[in-house]
Every structure is written in C-alpha cells, then in structure tokens.
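Participant: Next one to model:
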Amino acid sequence: MDEMSASGFPGRGVAGREAPGAAGAREGWRDLREWLACVESAGELHRIAAEVDTDEELAAITFLAARRERAPALLFERLRGDRLGARVLSNMLGSSVERYAIAVGLDPQLSLPAIIEATRSIMTARIAPVMVDAGDAPVNEVVQLGDDIDLTGLPAPRFWPGDGGRYIGTGDITFTRDPATGRVNAGVYRQMLHDARHVGLYCSPGKHGRLDREACWARGEPCEVVAAYGVDPVLFMVGAQSFSSRESELDVDGGIMGRPVELAPGAVGSLPIPARAEVVVEGLLHPGAMRPEGPLGEFTGYYGNPRSQQPVIEVRAVHYRRQPIVTAALMATYPSCEIGAYYAIMRSARILDDLDRIGVPGIRGAYSHPAAASGWGMVVVSVAQQYAGHVAQVLALAGQCPAAAYYTKWVIAVDDDVDPTDLNQVLWALSTRCDPATDLDVLRKTWSTGLDPSRFPPESRPYGSKVLIDACRPHQHLAQFPKSTRLRRSTYDRVAARWEEFGLAGSAPPVAAFEPEDLPAPATAPGTEHPPEPSSTRTSGAPKP
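Facilitator: Next comes the predicted model:
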C-alpha cells in the first residue's frame, strides 16, 4: 500500500503526536458495517424490518423516533420498490454522545466536558491516506460504467413534503481537488438525484468544494468529483468540519482512527475513491452545466435556499458493495437532526484549540449547543477573569476564530464557575450577571450562510451578525459583586460518600466550585446590631415573653 499526502501525492504518513484515546477506534472497526456491529452490541442500533417508503415515510419515522435525546441509530432493512437489497441508515449519530464516543474510541461514560477535552487530543494527529489495489476495495464489488449506470436503483429519500426532489446525498462525503495545489478536499454537501446519470450538487459560498469547482472552471476545465453515499461516521464527521485550505480532512480522519484511510484508484478519473465506502460515484462538473435544485429541509428547521440553478455532476462510474447501506442524514430541529452531538463536540474542541493558538489565557471550556441550529448558532465560553478587558477580548476572538466564525450568532462568556455545556447554568448566568444595557455588543457583516432564514432580503444572507454577550461578573466590581451560594467541599464529599445510604439513585452530581473551608462568618451590617439578652432569659426553643 502506498501512503498518500494531503495533496493526493505520495507522502510521509503520520504527522504530529499519536492521539490518545484513539486506540479504541483503531482496534474496533474499519468501516460502516463494522461500526454498526459495535453500536448494536452497545444497544445503540434499532433495525426496522417492516417495509418503509423512502418518500417522506422514512424521514417521518426518523424525526419522531429521534425526538428524545440519545435515540438509537435506525437501520431500514426493507425499502419499498428496492431492487438491490439496499438499506438506509438514519440517525447515525444524531444526539447520541455514546455513538460519537464509540466512533472515535473514547469512553462513552466520560462527562461531556471531558469528551470535548479528549476530542482536542485525538484531533491533533495527522495520518495520510494509503492507496490499495482496486481489487482489494470492498466498494468495487459492483462497478457500473457507461450505459449500465442507473442511480435510480439506489435509495434516494424525499425527506420533507416541500423538498425539491429526492436526495441521494445527505450523509455523504464529496472529494474535490484544488487545481493549483493538488490538495484533496472532503466535504459534506447535499446532492439531489436528477436522473439515472445526473446529480445536483449544492455547496455554500466559501466552502472548499465550491472554491475548487470555481478554480477549475476559471481554467476552462471541468471539476472532477467523487461522492460517497454510504460512509463511516468518522469520515462523515470530519467532512462536516472546517479545516485550513492547506489540510485534507482525510489526514484528520486517519489521525482520529489511528490508521490511514484506505483509498483506491477510480475507474474513470484521477481522484481516488474511498475503498471501504458503501456507494461511490465518479463524475464531472462541467462549466455552465446547471439544473434546478432544491429546496431541502435544512438543519435550521426551515427549507433552505429557494429552488435555483446549481451545478450538475455527470456521473461516469458507480461503485457499490452488495446490499449497500446508504447513510441518510435528516436535517431537522434538534434532537432529530443528524448534525447534533458530534458536531457540538467537535466544533467546541476546535474553538478551544483556536483560542489556545491565539494565546488567550484563562479559558476553561467552550460549547456549541446543538439545539442552537445544530451547534452553529451559539457558542458559550467559560473564562477565569484575569485583567480588565479580558472578557471583551475572549468574546471578540471566540466569535471570529476560524472554528466559530461561520454563522454563529450568539457568543456568550461566562465565569469559570459556570459549566458551558450545562444550559441551565448558562441561563442562570445570563439572568443574574448580564446587564443588557451595558453587556451586549454587535458585530456586523460577518460570515454567514444562505440557509439563515432570519436575513432579509435573501441576497444579503452571505453576511450575518453576531451578538457578544458578557454574562460574567463585572471585572471592575468583582469585590462588591454578591457572593453566589456554594457548598463547602468537605460537606459535598461527606454527602457524596453517603449517597447510596440516603437511597438516592446514581451518584452525587459533580460540582465545579466550592466555598472556601475557612470562610468567616458574615459581618453584621452597621446599625443592625442587637445587644445580647441576659443569659437567664435565653432558653433554647422557648418564645420570649
């Protein structure tokens, strides 16, 4: 097997330190089918054997089953009209922290802040992909070329009543190449089935897949595309993240897994194909070749951009495993959206990394809450205040760091006694430490998305705005600010040790901040002192005459 660098040429393999916590992923599974076996053994997969229609019914089942947090993944095993024995996996990750942990090799029992911190570690390593022989690639069990190509035989769900068509690509991964550097990008972009050999491809402005396409077209050349419609969760997750234009998501995937992504030569193009995917197409985006695409119900809970002309992939080869599994990502309001827990965790980890690289001191935690448009809409950062202006600095940099710049509308800073992953604590801080008249600032003309329904007119949607909210105790009044009620550590430890004795379920919940053990008794306010009564008149429990 030949190692490949991020650029798609022979490379050096491992870069950076080995990622702690990746051993579980390395030893546990290699592709989607093996990962499904892992999550099924953990009770995280539900098989649906009854016949299901991919026209709205499959999405309705997914939406309703996932209305409770941490619902299982759903494998639909009998699809109406199916000719290939194909299956559809939905809610692959969804709101499940457990399935995310299984995917990346972490302990599912870790707390959410601990999982975010561990994610920072496992995302530091880079391992370049390797090329395997075409004959060793499971995705080549069936290969269609020319007139044999017929994508209509694969399941392409219509998710919502107002969708503009059937979407074969939602839980997908798409490869494009920068024509100047050769860097291979792996991104998640929606893809609507037009007919047997044509698929519409939508990429948001500024995304690398779109930049690669525009760069090819500027040269008068078609843009090569490889799209996989049945992928493992790690490849899907890294494809949904934003990385530097100098990096390939394939190297990140390898670092997380602790072993390289396996690629194989394509049948008709120069781009490699993911060897262990379920379904892969190779095709070309020809300059000016457009067809109407959309809308699609999106992660915002609204239909996305109105129907418009979008580029079309001319499919020139199809590869798939027998009885392929198509990964379908329902876009909906949380917790039914496929972009849920995993995205919140990974984005939070990368925000912390960005702030660390920038050199901001005192950062204690960060969280992109998944209920806020799947983790895109709000970021909360916990900070230990060290100097005047510290909170304002954190807010400005958190709102514009690479991992948080896109779309984020609400950037909230809280003190280090507040857990940013606990929305109840965040709301408490907002309600007791934030003065709206003085603690809110607005950034205008920031990077946003055409899928933001709040922006009017629609042509203004590439631009957005951000509210920076200081929900910390005011630095200039820290000494005078009222003390919050806290337990003493000694009392907490004593109660936690006797939790079972008290007949309470589970274990004592963790507490972030405690009162000092040597806290003095509160001083008596001036003018409220009362002279002591004669000892002869004080009787415990007896009323005074």
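
Participant: Which strand or helix spans the residue positioned nearest the centre of the chain?
Facilitator: Nearest to the mean C-alpha position of the chain, by C-alpha atoms, centre = their mean, lies residue 343 at 1.0 Å. Element membership of residue 343, judged by DSSP states H and E, is helix 341-358.

Participant: and that helix, which residues are buried?
Facilitator: Buried residues in helix 341-358, counted by 16 or more other C-beta atoms under 10 Å: 341-355. The way it works is simple: take the backbone N, C-alpha and C, and place the C-beta from them, glycine included.

Participant: Go ahead and name everything in contact with that helix.
Facilitator: 93-97, 100, 103, 112, 115-117, 119-120, 123, 233, 237, 240-241, 363, 365-370, 374-375, 379, 381, 394, 397-398, 401-404 (C-beta atoms under 8 Å, 6 or more residues apart in numbering).

Participant: Can you check the pLDDT for residue 453?
Facilitator: pLDDT for residue 453: 87.

Participant: Now it: closest residue in space, sequence neighbours ignored.
Facilitator: Closest residue in space to residue 453, ignoring its immediate chain neighbours: residue 302 at 4.5 Å, by C-beta to C-beta, 6 or more residues apart in numbering.

Participant: do the same with residue 70
Facilitator: residue 96 (4.9 Å).

Participant: Could I have the PyMOL command that selects the buried members from the contacts of helix 341-358?
Facilitator: Applying 16+ other C-beta under 10 Å to the contacts of helix 341-358, the buried members can be selected in PyMOL as follows:
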select buried, resi 93+94+95+96+97+100+103+112+115+116+119+120+123+233+237+240+241+363+365+366+367+368+369+370+374+375+379+381+394+397+398+401+403+404
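
Participant: Narrow the contacts of helix 341-358 to those in helices?
Facilitator: For the contacts of helix 341-358, the ones inside helices are 97, 100, 103, 112, 115-117, 119-120, 233, 237, 394, 397-398, with DSSP state H as the criterion.

Participant: and these, which two are the farthest apart?
Facilitator: Spatially, the most separated pair among the ones in helices among the contacts of helix 341-358 is 233 and 394, at 32.0 Å (C-beta to C-beta).

Participant: Do I have it right that residue 140 meets residue 134?
Facilitator: Yes - here residue 140 reaches residue 134: they are 5.7 Å apart, a contact under C-beta atoms under 8 Å.

Participant: anything in contact with each of the two?
Facilitator: Common contacts of residue 140 and residue 134, defined by C-beta under 8 Å, 6+ apart, comprise residue 264.

Participant: So which of these two has more stuff around it?
Facilitator: For residue 140 and residue 134, the more surrounded residue by other C-beta atoms under 10 Å is residue 140, and the numbers stand at 19 against 16.

Participant: Am I right that residue 493 sits in a strand?
Facilitator: No - read with DSSP: H, G, I helix; E, B strand; the rest coil, residue 493 is helix and lies in no strand.

Participant: ok, it - how many residues close by?
Facilitator: Neighbours of residue 493 under the rule other C-beta under 10 Å: 13.

Participant: Would you mind measuring the gap between the ends of stretch 327-337?
Facilitator: Across its full length, stretch 327-337 reaches 13 Å end to end, with C-alpha to C-alpha, to the nearest Å as the criterion.

Participant: How about stretch 90-103?
Facilitator: Taking C-alpha to C-alpha, the first and last residues of stretch 90-103 lie 16 Å apart.

Participant: what's the model's confidence in it, averaged?
Facilitator: On average, stretch 90-103 scores 97.

Participant: With stretch 462-481 instead?
Facilitator: Averaged across stretch 462-481, pLDDT comes to 95.

Participant: from the chain's centre, how far out does that stretch sit?
Facilitator: 26 Å (C-alpha atoms, centre = their mean, to the nearest Å).

Participant: Ok, stretch 294-303 next?
Facilitator: The chain centre lies 17 Å from the centre of stretch 294-303; the measure is C-alpha atoms, centre = their mean.

Participant: in that stretch, what's buried?
Facilitator: 294-300, 302-303.

Participant: Check stretch 124-136 too.
Facilitator: By 16+ other C-beta under 10 Å, the buried positions in stretch 124-136 come out as 124-132, 134.

Participant: what about the helices in the stretch 101-250 of the chain?
Facilitator: Taking DSSP state H, counting those that start in this stretch to define them, one finds helices in the stretch 101-250 of the chain at 112-122, 208-218, 233-239, 249-257.

Participant: Give me whichever of those helices is most buried.
Facilitator: helix 249-257 (a mean of 27; mean count of other C-beta atoms under 10 Å).

Participant: Which strands or helices does it pack on?
Facilitator: Packing partners of helix 249-257 (3 or more C-beta pairs under 8 Å, 6 or more residues apart in numbering; DSSP states H and E): helix 23-28, strand 126-127, strand 184-187, helix 233-239.

Participant: rewinding a little: confidence score at the residue nearest to the centre of the chain?
Facilitator: In this model, residue 343 is scored at 96, pLDDT.

Participant: now do residue 533
Facilitator: On the pLDDT scale, residue 533 is placed at 46.

Participant: Lowest mean pLDDT among the helices and strands of this structure, which one is it?
Facilitator: Least confident helix or strand, the chain: strand 14-15 with a mean of 38, by mean pLDDT, DSSP states H and E.

Participant: Columns distance to residue 32 on top of the ones in helices among the contacts of helix 341-358, output as CSV?
Facilitator: Below are the ones in helices among the contacts of helix 341-358 laid out as CSV (distance: C-beta to C-beta, whole Å):
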residue, distance to residue 32
97, 20
100, 15
103, 10
112, 25
115, 22
116, 25
117, 27
119, 21
120, 26
233, 8
237, 13
394, 39
397, 38
398, 35
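
Participant: Residue 180: how many residues sit nearby?
Facilitator: Per other C-beta under 10 Å, the neighbour tally for residue 180 reads 9.

Participant: Over to residue 284?
Facilitator: Neighbour count of residue 284, defined by other C-beta under 10 Å: 18.

Participant: Touching, the residue nearest to residue 70 and residue 44? I think so.
Facilitator: Yes - Residue 96 is in contact with residue 44 according to C-beta under 8 Å; the separation is 6.6 Å.

Participant: between those two, what contacts are shared?
Facilitator: Here residue 96 and residue 44 have 72-73 as joint contacts, going by C-beta under 8 Å, 6+ apart.

Participant: isn't residue 266 right next to residue 281, touching?
Facilitator: No - assessed by C-beta under 8 Å, residue 266 is found out of contact with residue 281, at 10.1 Å.

Participant: Now do the shared contacts for those two.
Facilitator: 226, 317.

Participant: out of those two, which sits in the busier spot?
Facilitator: It is residue 281, of residue 266 and residue 281, that has more neighbours when counted by other C-beta under 10 Å, with 28 against 19.

Participant: Report pLDDT for the more buried one.
Facilitator: pLDDT recorded at residue 281 is 98.

Participant: partner strands of the helix or strand hosting it, parallel or antiparallel?
Facilitator: Element membership for residue 281 (DSSP H and E) is strand 279-293. Here strand 279-293 is paired, per DSSP bridges, with strand 223-228 (antiparallel), strand 308-320 (antiparallel).

Participant: how about those strands, which one is nearest residue 197?
Facilitator: Using C-beta to C-beta, the nearest of the strands paired with strand 279-293 to residue 197 is strand 308-320, at 4.8 Å.

Participant: Show me which residues of the closest one are buried.
Facilitator: Buried residues in strand 308-320, counted by 16+ other C-beta under 10 Å: 310-313, 315-320.

Participant: Tell me where the stretch 351-500 of the chain has strands.
Facilitator: Taking DSSP state E, counting those that start in this stretch to define them, one finds strands in the stretch 351-500 of the chain at 363-368, 378-383, 410-415, 440-447, 463-471.

Participant: Distance to residue 490 added to those strands, as JSON lines?
Facilitator: Output for the strands of the stretch 351-500 of the chain, formatted as JSON lines (distance: least, C-beta to C-beta, whole Å):
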{"stretch": "strand 363-368", "distance to residue 490": "24"}
{"stretch": "strand 378-383", "distance to residue 490": "25"}
{"stretch": "strand 410-415", "distance to residue 490": "23"}
{"stretch": "strand 440-447", "distance to residue 490": "40"}
{"stretch": "strand 463-471", "distance to residue 490": "30"}
